[in-house]
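> Okay, structure incoming, though there's no sequence with it:
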């Protein structure tokens, strides 16, 4: 019986190590030459290094803090630079209203700090923004909001931005 237990423990450790190696490989950048495709409009595909940074940022920030990659054209989370977009602002304001209802608070939207977006039968917005509740200093929030093709809005998440530990 003991020998079986040892084998199971060893097998479990090996599987765990393989799992860790797989996580690490996502962020590796090999010295292989990047195959870069350039579209007729001048946009190009991302390099291996850019993809590695992209996936690392998604994993570390849950999609909220992803840098823009100017001049590239790829699907997935894309950094938004137009914070004056009417739909983005409407989605963000609805998110803070949702937070207020769930937490019996009265925060008011101030401004967007950062936003990313992905396309899936509409737009998934990941927004980092400021809101104030009568205090001198605004608080930083994060919201994940869906804006559907039929102009429906659904707040999936609105929270105070977690602090780095």
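Okay, I see it. Note that the structure is predicted; figures quoted are calculated from it, not measured.
> I figured residue 161 was touching residue 138, is that so?
No. Contact criterion Cβ atoms under 8 Å: residue 161 and residue 138 do not qualify, at 11.4 Å. C-betas here are computed from N, CA, C, even on glycine.
> Give the rounded mean pLDDT of stretch 101-110.
Stretch 101-110 shows a mean pLDDT of 96.
> Where do the helices of the protein begin and end?
Counting by DSSP state H, the chain has helices at residues 2-25, 48-61, 86-103.
> in the shortest one, what counts as buried?
Within helix 48-61, the residues that qualify as buried are 48, 50-54, 57-58, 61, counting by 16 or more other Cβ atoms under 10 Å.
> What is that helix packed up against?
On a contact count with 3 or more Cβ pairs under 8 Å, 6 or more residues apart in numbering; DSSP states H and E, helix 48-61 meets no helix or strand.
> Number the chain from 20, please
OK, 20 is where the count begins now, so the last one is helix 67-80.
> How far off centre is it?
Taking Cα atoms, centre = their mean, to the nearest Å, one finds the center of helix 67-80 at 10 Å from the center of the full chain.
> which ones are touching the residue nearest in space to the middle of the chain?
In the chain, the residue lying closest to the centroid (Cα atoms, centre = their mean) is residue 82, at 0.7 Å. Residues in contact with residue 82, defined by Cβ atoms under 8 Å, 6 or more residues apart in numbering, are 96, 135, 137, 145, 163.
> if I look at it, how far off is residue 59?
30 Å (Cβ to Cβ, to the nearest Å).
> now swap in residue 112 and tell me
In this view, residue 112 and residue 59 are 39 Å apart by Cβ to Cβ.
> neighbour-wise, which of those two wins?
residue 112 (17 against 5; other Cβ atoms under 10 Å).
> what residue ranges in this structure score low on pLDDT?
Applying pLDDT under 70 to the chain flags residues 20-55, 58, 89-94, 184.
> same thing but at 50, please
Counting by pLDDT under 50, the chain has low-confidence residues at 21, 29, 31, 33, 36-37, 39-50.
> Can you point out the buried residues in stretch 161-175?
Neighbour counts over stretch 161-175 (16+ other Cβ under 10 Å) mark 161-166, 172, 174 as buried.
> Can you lay out those as TSV showing distance to residue 108?
TSV is the format used below for these (distance: Cβ to Cβ, whole Å):
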residue	distance to residue 108
161	16
162	12
163	16
164	11
165	16
166	11
172	12
174	14
